[in-house]
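Peer 1: Fold the following, please.
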Amino acid sequence: MSDIRIEQRGTLGLITLDRPRALNALTTAMCQQMLDVLLAWRDDPQIHQVAVTGAGERGLCAGGDIVAIYRDINDRDGSTEEFWRIEYQLNALIDEYPKPYIALMDGIVLGGGIGISAHGSHRVVTEASKCGMPEVSIGFFPDVGGTHLLARAPRSAGRYAALTGQSVGAADAIELGLADVHVEQRLLPQLLRELETLSADQVLNQHRSQPAPGILSEPWIRAFEAAEPVDILQQLQRYQDPAAQRAAAALQRACPSSVDLVLALLQEAGSDLREDLRREFRAAVHRLDDPDFGEGIRAQVIDKDRSPQWAARVDGLSAQQRVARHLAPLTGRELDFELIEHGTVSVKE
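Peer 2: Numbers count the residues shown, from 1 in each chain. Predicted coordinates:
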């Protein structure tokens with residue numbers, strides 16, 4: 001049974017992620033199926049625009065299947081590298097899609113969920129939206145083009161989202177450049193019906209509304225302009241605002257080696273999504289060999305003790321050398337974009 005529903009409704013191609021018990025977490029097969037149908041619809045004159053939504057009431061997508069990644073860290077069967085190779089090409093295809101791509105970012109939209117939505121041309125959030133890239137809490141980093149998106153955001157806001165991993169609401173998702181327009185949640189079924197015959201611009205202009213204020217305009221956000229995490233923390237601690245204190249606590253909980261890697265990736269990202277995805281792919285594949293990634297998943301998802309034991313050093317490398325290892329080339333295994341340029345390949349069973 002497929003975890004994706006694909007429908008043609010009038011001139012709208014509708015993709016519904018259909019794994020509600022797993023909050024529509026992405027699998028390799030789901031990414032491949034999305035990629036396949038988007039390629040088919042790209043040249044289909046009967047499809048004028050595409051929309052993606054999530055089944056269930058909790059949200060669009062909670063990201064990738066972290067438990068499957070944890071198994072691969074232990075077994076090293078290559079499944080995670082294959083997953084990322086397909087997923088990242090899907091992200092690029094969405095960014096370059098020649099037809100309107102409307103992402104309904106209602107409810108929880110995290111990690112890989114950002115990848116299949118925030119690269120689209122029309123990104124819709126609601127009062128229930130909780131969007132974010134929480135990877136630093138599991139010893140990873142914002143991937144799926146996350147460093148590209150957050151590097152293009154206002155500096156302090158992008159660094160806040162990347163370094164703390166905290167989710168944001170509708171107004172802040174728009175401020176970060178992850179979304180475009182706020183629509184009331186109750187109007188989404190009507191919006192989808194209208195998209196069957198009307199253009200995305202027509203429908204969204206009719207239903208857009210003002211979201212509740214966010215936090216990214218608060219003065220303490222400017223603390224994230226500081227170059228070093230220790231300086232960010234010192235500045236945050238001057239504020240009594242509970243949100244500032246939560247941000248400080250989240251930064252202190254974040255995996256230190258992830259924070260170092262995020263800062264390096266953000267510095268290089270922002271101008272070319274394909275190049276940023278290539279860089280993220282290198283870092284992601286190398287990260288499978290770093291003990292902090294497996295330990296972060298164990299503590300947050302497997303054992304749920306919330307007490308990760310981060311490695312201060314790996315193989316005697318300094319923090320700078322450890323980052324450099326993650327950015328090293330993958331000889332013979334670099335990310336290319338052949339699936340979206342020359343057709344698709346079958347997914348391993």
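Peer 1: Show the contacting residues for Val259.
Peer 2: Applying C-beta atoms under 8 Å, 6 or more residues apart in numbering to Val259 gives the contacts Val136, Leu163, Pro229, Leu251. Using the backbone N, CA and C atoms, a C-beta is placed for each residue, glycine as well.
Peer 1: Now the two most distant members of the residues you listed.
Peer 2: Across the contacts of Val259, the longest distance by C-beta to C-beta is 10.7 Å; it joins Val136 and Pro229.
Peer 1: ok so, going back, turn the contacts of Val259 into CSV, including secondary structure and neighbour count.
Peer 2: Formatted as CSV, the contacts of Val259 follow (DSSP: H, G, I helix; E, B strand; the rest coil; neighbours: other C-beta atoms under 10 Å):
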residue, secondary structure, neighbour count
Val136, helix, 26
Leu163, helix, 23
Pro229, helix, 19
Leu251, helix, 22
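Peer 1: Mutual contacts of Val136 and Pro229, please.
Peer 2: Leu163, Val259.
Peer 1: The helix or strand of the chain with the lowest mean pLDDT: which residues count as buried?
Peer 2: The least trusted helix or strand in the chain, going by mean pLDDT, DSSP states H and E, turns out to be helix 338-341, with a mean of 93. By neighbour count with 16 or more other C-beta atoms under 10 Å, helix 338-341 contains the buried residues Leu339, Ile340.
Peer 1: Same check on stretch 268-288?
Peer 2: With the criterion 16+ other C-beta under 10 Å, stretch 268-288 contains buried residues 269-270, 273-274, 276-288.
Peer 1: hmm, who's touching it?
Peer 2: Outside stretch 268-288, the residues that touch it by C-beta under 8 Å, 6+ apart are 72-73, 76, 80-81, 84-85, 88, 91-92, 95, 119, 139-141, 143-148, 150-152, 261, 265, 293, 325-330, 333-335, 337.
Peer 1: If any of those residues are buried, put those into a PyMOL selection.
Peer 2: Of the contacts of stretch 268-288, the buried ones can be selected in PyMOL as follows, counting by 16+ other C-beta under 10 Å:
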select buried, resi 72+73+80+81+84+85+88+91+92+95+119+139+140+141+143+144+145+146+147+148+150+151+261+265+293+325+326+335+337
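Peer 1: Please flag which of the contacts of stretch 268-288 sit within helices.
Peer 2: Among those, the residues falling in helices (DSSP state H) are 72-73, 80-81, 84-85, 88, 91-92, 95, 146-148, 150-152, 261, 265, 293, 325-326.
Peer 1: Name the surrounding residues that touch the least confident helix or strand of the chain.
Peer 2: Residues outside helix 338-341 that contact it (C-beta under 8 Å, 6+ apart) are Leu35, Leu39, Ile86, Gln89, Ala92, Leu93, Glu96, Val345.
Peer 1: cool, stretch 37-47 as well?
Peer 2: 6, 8, 11-13, 15, 50, 90, 93-94, 97-99, 340, 343-344.
Peer 1: Repeat the analysis, applying 10 Å as the threshold.
Peer 2: For stretch 37-47, the surrounding residues in contact (C-beta atoms under 10 Å, 6 or more residues apart in numbering) are 4, 6, 8, 10-15, 48-50, 52, 90, 93-94, 96-99, 101, 339-340, 343-344.
Peer 1: mind checking the SS state of Gln267?
Peer 2: With DSSP: H, G, I helix; E, B strand; the rest coil as the basis, Gln267 sits in helix.
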